[in-house]
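Novice: no FASTA, just this:
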């Protein structure tokens, strides 16, 4: 076998392996795009935004402060 044929065979094998690898990467990127789109759609339904959480916690703190003030006036030390 001549050196040219060996080199061409090796080059073809390397290119085939590289093509397979690139196809796998392309499929993974497509799956990630679908997963990201699904996450974007489901995120507002599943989780509370930071601003809403802070607002609700602020209300809870106000109510606890009122309760503490009432208890402080009811039972002095």
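Specialist: Done, it's in. Keep in mind it's a predicted model, so treat the numbers as computed, not measured.

Novice: alpha carbons only for contacts and neighbour counts from here, please
Specialist: Will do.

Novice: helices of this structure, start to end?
Specialist: Along the chain, the segments classed as helices by DSSP state H run 3-46, 50-74.

Novice: any regions of this structure where pLDDT drops low?
Specialist: Scanning the chain for pLDDT under 70 picks out 75-77.

Novice: try it again with 90
Specialist: 1, 41-52, 69-77 (pLDDT under 90).

Novice: just send the helices of the chain back as CSV, with mean neighbour count too.
Specialist: Shown next, in CSV, are these (neighbours: other C-alpha atoms under 10 Å):
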stretch, mean neighbour count
helix 3-46, 11
helix 50-74, 11
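
Novice: contacts for stretch 54-65 next, please.
Specialist: With contact meaning C-alpha atoms under 8 Å, 6 or more residues apart in numbering, stretch 54-65 is reached by no other residue.

Novice: distance check, residue 56 against residue 28.
Specialist: 40 Å (C-alpha to C-alpha, to the nearest Å).

Novice: sorry, wrong one. I was asking about residue 68.
Specialist: Per C-alpha to C-alpha, residue 68 is found 56 Å from residue 28.

Novice: what do you get for residue 36?
Specialist: For residue 36, the distance to residue 28 - C-alpha to C-alpha - is 12 Å.

Novice: over to residue 12?
Specialist: 24 Å.

Novice: same question, residue 41
Specialist: Using C-alpha to C-alpha, residue 41 is found at 20 Å from residue 28.

Novice: again with residue 5
Specialist: From residue 5 over to residue 28 the distance is 35 Å, taken as C-alpha to C-alpha.

Novice: for residue 66, same thing?
Specialist: As judged by C-alpha to C-alpha, residue 66 and residue 28 stand 55 Å apart.

Novice: residue 74 too?
Specialist: Here residue 74 is placed at a distance of 65 Å from residue 28 (C-alpha to C-alpha).
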